[in-house]
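Student: Predicted model and sequence follow; I will ask about them next.
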Amino acid sequence: MKLSTNTIRIAFLPAVAIAAAAFFASNWTQHTVTLQQDSAARPVHDAGDLTIHGSVADDESALRHGTTLAGVYGAAVGTNLRYRFENASDYDLDAKPSESSSTAQGAGIGFAANGILDVTVAARTADDVVVRARFGELHLNAQSPTAGRATPDWQRYEAATAVPLFVRLDVSGAVLGYGFDNGLDATQRNFLRGLLAPCFVAVPTDEPRTWEARAMDVSGIYDAKYSSSRNGRRLEVQRTKTQYVEVAHTETMAPQTETRGSAQFEFDDELGWLRTMRFDETCRLRFRELSLDISLRQRGSLELESVTVDPSTVDTLPEITWQSASGHLEDAGLEADRAIDAARDAAARKLDPEALLRELEALLRQDPIDRKAVDEVWTKLVDRLRIDADTLRNFALRIEGGSLGEDIAAAILTAIGATNTPVAQEALDALRTSPRISESLRETAAIAMLQLASPTPRLLESIVAGLERCEGFDGLAGADLHLLGALSSRSNEPLANGRTAYECLCALESKAKRTGHVGSWLEAIGNTSNAGATDLCARYISDNDADVRRRAFSALRSIAEPRATHILTDRGLHDDDASVRGEAARALASHDGDGVTAALVAVAKNDGEAHVRLAALESLAHRRLDAPTLQTLRDIATLDNHEHVRGMARELLRRHGA
């Protein structure tokens with residue numbers, strides 16, 4: 001059963017495929033910067049999401065003052081490039097049936113655009129290139145009965161292509177942002193992103209043979225591998241996307257991502273820009289929780305038709321509000337959310353809760369258990385209980401009455417928690433405190449409550465009251481203490497005693513010390529992720545009891561605050577006890593910064609205990625590692641005296657292609 005700290009939720013943009021692959025909608029961010037033509041001033045940057053590996057550093061001085069611009073995007077201001085443009089998208093949604101639902105729901109939409117794309121180099125500095133893009137003679141075609149030209153959405157897409165827009169690139173060609181017409185809404189902006197994003201690729205100015213990069217498009221943030229080959233004045237580049245690391249509205253789910261296909265780009269030194277481009281790429285997201293697959297295939301091309309250079313055609317740039325290069329951060333309003341919620345509710349009403357219960361019971365009796373099948377049925381049960389309060393209460397009464405077996409009861413409890421409804425909160429709290437059910441089921445009820453996104457004051461008061469009455473924080477009380485820590489971060493409302501849930505948790509410190517349960521209390525404090533908890537944990541990092549110190553450092557894992565990071569690196573990694581050092585190393589996996597990486601590398605190389613070195617290497621697993629760090633890993637892989645440490649170092653090198 002998948003437990004999440006939030007409700008499972010997904011929302012698609014209306015006419016998503018017609019909007020050229022805008023999978024999802026969320027909140028958008030923006031910043032404003034004014035670029036003047038040929039300005040020597042350094043503009044504000046927002047390139048944090050782009051990381052290129054395999055390239056040497058750019059020579060900024062030569063770029064600023066030399067007569068020749070580095071890299072493949074060296075065209076002068078006033079260069080006008082006219083391309084024949086084609087872009088086609090095929091979008092498919094596939095929901096798989098089960099015994100408790102009658103049919104699978106599938107959807108397929110096709111979209112195509114072709115015409116002229118004019119690209120003009122409008123301004124450039126030592127660090128940025130701004131181009132103006134305008135579509136001409138553009139023909140939009142949809143292969144869907146709901147996407148005809150008479151619909152308002154279709155007219156909005158045509159209107160979006162009728163006005164020019166600006167694209168801001170860094171010197172390697174990575175898209176840093178878009179400057180849209182102020183009259184365009186989120187759906188129109190994402191439509192334009194979907195048309196233009198495939199037309200740009202970042203190429204390091206030193207033109208390495210291979211490299212890896214993280215970049216953005218309308219669907220989200222992706223990793224890709226690149227290769228290049230030069231033929232005289234022509235440079236050919238191939239991109240192969242490896243995975244999407246972020247797409248919208250997947251915060252509460254972890255979809256499996258599959259990518260296929262590639263893109264080919266040809267640059268011409270005489271042009272100082274792209275000559276041709278062809279791409280055929282597919283991204284597939286698999287949501288096991290929803291028994292849902294989403295697939296988007298995009299294919300198209302650019303062919304250069306003509307080029308002119310005339311600086312007089314470029315006016316001084318207006319003030320531009322630069323918006324994110326990644327369309328998955330756009331806000332398309334509540335309409336899409338309402339539509340998908342209504343469809344989801346309608347599908348849930350067709351589900352038979354008793355049939356789901358029988359199907360789930362049968363699956364749990366199998367040996368071995370088919371976890372994927374269990375998850376699929378469990379998710380349908382969540383959807384049904386979310387809209388059916390009477391059935392939810394009935395299932396809770398049957399659990400308390402003992403008419404359901406332990407395994408199926410535990411599955412139902414976690415399903416109730418995932419609904420995140422007020423009725424669910426009441427039912428789970430009653431079961432958590434009920435003496436009629438086993439301690440294991442009461443603990444499961446507490447665990448199920450970790451999924452509640454918006455705990456009510458009444459629920460929090462019940463948990464606090466129980467903790468104030470108990471003799472110590474072991475057993476069920478310990479589970480409740482950890483629960484209070486997690487839920488306190490989701491509510492700032494004052495309780496009946498005038499305190500917030502977090503303040504009530506802090507007030508339990510003296511009881512924890514008195515009863516010998518400081519370690520459990522520290523773990524609960526860590527669950528709050530509250531920056532103020534750093535001081536509370538710091539009180540115990542010099543405690544005589546190594547286990548208390550270990551838990552204090554562990555509690556800092558989820559506190560994203562610089563002081564917490566420094567405590568872990570400066571104190572935790574240098575504790576006299578190896579178990580404490582190992583816990584500090586593991587906690588640093590959740591902290592960012594070059595200093596953290598350097599501290600972990602030092603531990604991986606020099607700590608006297610193999611399990612501590614291994615913990616440091618594991619915390620390095622998801623970090624970008626520079627060349628000196630990779631060399632250190634090579635040394636560890638060869639020279640460390642412990643087989644598991646050497647093996648982990650080799651695995652990290654393999655992941656980084658070193």
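Tutor: Alright, I've got the coordinates.
Student: Flag the shaky bits of the stretch 101-250 of the chain, pLDDT-wise.
Tutor: Within the stretch 101-250 of the chain, the ranges that satisfy pLDDT under 70 run 101-109, 142-154, 218, 248-250.
Student: Which parts of it are helices?
Tutor: Applying DSSP state H, counting those that start in this stretch to the stretch 101-250 of the chain gives helices spanning 152-160, 186-196.
Student: what's the most buried one of those helices?
Tutor: Ranked by mean neighbour count, the helices of the stretch 101-250 of the chain are led by helix 186-196 with a mean of 26 (mean count of other Cβ atoms under 10 Å). For every residue, glycine as well, the C-beta is placed using N, CA and C.
Student: which strands and helices sit next to that helix?
Tutor: Applying 3 or more Cβ pairs under 8 Å, 6 or more residues apart in numbering; DSSP states H and E, one finds that helix 186-196 makes contact with strand 79-95, helix 152-160, strand 165-170, strand 175-179.
Student: Within its sheet, name the partner strands of the top strand by length along the chain and how each one runs.
Tutor: If you go by DSSP state E, the chain has its longest strand at strand 105-124. Sheet pairing for strand 105-124, assigned by DSSP bridges, gives strand 79-95 (antiparallel), strand 128-142 (antiparallel).
Student: For this structure, identify the residue most remote from the centre.
Tutor: Most distant from the centre of the chain: residue 312, at 44.0 Å, with distances by Cα atoms, centre = their mean.
Student: just to revisit the earlier point, can you put the helices of the stretch 101-250 of the chain in JSON lines and add distance to residue 239?
Tutor: Output for the helices of the stretch 101-250 of the chain, formatted as JSON lines (distance: least, Cβ to Cβ, whole Å):
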{"stretch": "helix 152-160", "distance to residue 239": "26"}
{"stretch": "helix 186-196", "distance to residue 239": "16"}
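Student: circling back to that earlier point, highest mean neighbour count out of the helices and strands packed on helix 186-196?
Tutor: Greatest average neighbour count among the helices and strands packed on helix 186-196 goes to strand 175-179 (a mean of 24), per mean count of other Cβ under 10 Å.
Student: Okay, angle between that one and strand 105-124 too, please.
Tutor: Taking axes from the mean of the first three to the mean of the last three Cα atoms, to 10 degrees, one finds strand 175-179 and strand 105-124 inclined to each other by 90 degrees.
Student: Report the spatially nearest residue to residue 233, omitting neighbours in sequence.
Tutor: Leaving aside its sequence neighbours, residue 233 sits nearest to residue 269 (Cβ to Cβ, 6 or more residues apart in numbering; 4.1 Å).
Student: How about the contacts made by that neighbour?
Tutor: Listed by Cβ atoms under 8 Å, 6 or more residues apart in numbering, the contact set of residue 269 reads 72, 233-235.
Student: and those residues as a markdown table, adding neighbour count and distance to residue 404?
Tutor: Below are the contacts of residue 269 laid out as a markdown table (neighbours: other Cβ atoms under 10 Å; distance: Cβ to Cβ, whole Å):
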| residue | neighbour count | distance to residue 404 |
| --- | --- | --- |
| 72 | 27 | 65 |
| 233 | 10 | 74 |
| 234 | 15 | 70 |
| 235 | 19 | 66 |
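Student: Regarding the residue farthest from the centre of the chain, what is its secondary structure?
Tutor: helix (DSSP: H, G, I helix; E, B strand; the rest coil).
Student: same deal with the one 10 residues further on?
Tutor: Using three-state DSSP as the criterion, the local structure at residue 322 reads strand.
Student: That one touches residue 178, doesn't it?
Tutor: Yes: the pair residue 322 / residue 178 is scored as a contact, 7.1 Å apart, by Cβ atoms under 8 Å.
Student: quick one: common contacting residues for those two?
Tutor: Common neighbours of residue 322 and residue 178 (criterion: Cβ under 8 Å, 6+ apart): residue 168.
Student: ok so, going back, quick one: the residue farthest from the centre of the chain and residue 120 touch, right?
Tutor: No: applying Cβ under 8 Å as the test, residue 312 and residue 120 come out as separate, 11.8 Å apart.
Student: what residues do these two have in common as contacts?
Tutor: Common neighbours of residue 312 and residue 120, using Cβ under 8 Å, 6+ apart, are residue 78.
Student: Low-confidence bits of this protein, can you list those?
Tutor: 1-71, 92-109, 142-154, 218, 248-255, 287-293, 327-341, 343, 658.
Student: top helix in it by residue count?
Tutor: Identified as the longest helix of the chain according to DSSP state H is helix 371-387.
Student: So which elements touch the next helix or strand after that helix?
Tutor: Sequence-wise, the next helix or strand downstream of helix 371-387 (DSSP states H and E) is helix 389-401. Judged by 3+ Cβ pairs under 8 Å, 6+ apart, the packing partners of helix 389-401 are helix 353-365, helix 371-387, helix 406-419, helix 422-432.
Student: And helix 389-401, what's buried?
Tutor: Within helix 389-401, the residues that count as buried by 16 or more other Cβ atoms under 10 Å are 389, 391-393, 395-396, 399-400.
Student: number of nearby residues for residue 644?
Tutor: By other Cβ atoms under 10 Å, the residues close to residue 644 number 13.
Student: what about it, helix or strand, and which?
Tutor: Using DSSP H and E, residue 644 maps to helix 643-655.
Student: Report the buried residues of that helix.
Tutor: Buried residues in helix 643-655, defined by neighbour count with 16+ other Cβ under 10 Å: 645-646, 648-649, 652-653.
Student: give the contact list for residue 543.
Tutor: If you count contacts by Cβ under 8 Å, 6+ apart, residue 543 has them with 518, 549, 552.
Student: So which of those wins on neighbours?
Tutor: Highest count within those by other Cβ under 10 Å belongs to residue 552, 29 neighbours.
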